[in-house]
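In: With the input below, show me the fold.
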Amino acid sequence: MAIGVPQYRRTAAGGVAQGLVPALVPDGPRGAEGARRGGGARGVEGGLSSFAGGGGAIAPPPKPVGYDTVTVPMRHGLETVDILRLRRACGVVLQAAGGSAISFLVPAGTSELWHLPGSSCTPGAVLYPPTDPRWVMPPSGPDCVARPTDAWVLRSALCEAACTLTAGGLGPF
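Out: Residues are numbered from 1 along each chain as shown. Predicted structure coming up:
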């Protein structure tokens, strides 16, 4: 994975990616006042988050949690990984148990909108240690953070991979 590429956001203080959840961080004195008065911003899970800590200190926002998993057959998945790597847009990728499928981690909530024949998207994901042999593209960086693949970039790459495999005589799926 490439570091410093625009599709990946650098983490800010508190471990939250910059630009990922800007509504969670109060801006300036007015935002801090609103937080102390009990006003909060919508959190990642849709609930209210309170930033008022003891003595008026602002606590760091919660880390975004959860991923969904897009699973495709092995050959289709490997071709997609190649396409995403060339675009420098590949997040973490797992090989499914039994070695017959590839699973891409995508942001939580993708499963509600995912409708692509030949693939399935399920809510939730199992994250293994970075040294586990099931990783095709393991978590990287100093904190070994599992970066998800953008869902619509993945969809585009899956369609391109299906066309490539079909043209090469390895389709249909």
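
In: what about dumping the CA coordinates of the lengthiest helix in the chain to CSV?
Out: When every helix of the chain is counted residue by residue (DSSP state H), the longest turns out to be helix 151-167. Taking C-alpha atoms only, helix 151-167 is exported to CSV below (Å, rounded to 0.1, in the frame of the first residue of the first chain):
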residue,chain,number,x,y,z
ALA,A,151,-16.9,0.8,-1.8
TRP,A,152,-17.5,2.5,-5.1
VAL,A,153,-13.9,2.3,-6.3
LEU,A,154,-14.1,-1.4,-5.4
ARG,A,155,-17.4,-1.8,-7.4
SER,A,156,-15.7,-0.2,-10.4
ALA,A,157,-12.7,-2.5,-10.1
LEU,A,158,-14.9,-5.6,-9.7
CYS,A,159,-16.7,-4.7,-12.9
GLU,A,160,-13.4,-4.1,-14.7
ALA,A,161,-12.0,-7.4,-13.5
ALA,A,162,-15.1,-9.3,-14.6
CYS,A,163,-14.8,-7.8,-18.1
THR,A,164,-11.1,-8.6,-18.2
LEU,A,165,-11.7,-12.2,-17.1
THR,A,166,-14.5,-12.7,-19.6
ALA,A,167,-12.4,-11.3,-22.4
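
In: any idea how far residue 107 is from residue 151?
Out: 6 Å (CB to CB, to the nearest Å). C-beta here means a position set from N, CA and C on the backbone, and glycine is covered the same way.

In: now swap in residue 129 and tell me
Out: 25 Å.

In: same thing with residue 125?
Out: On the measure of CB to CB, residue 125 and residue 151 end up 13 Å apart.
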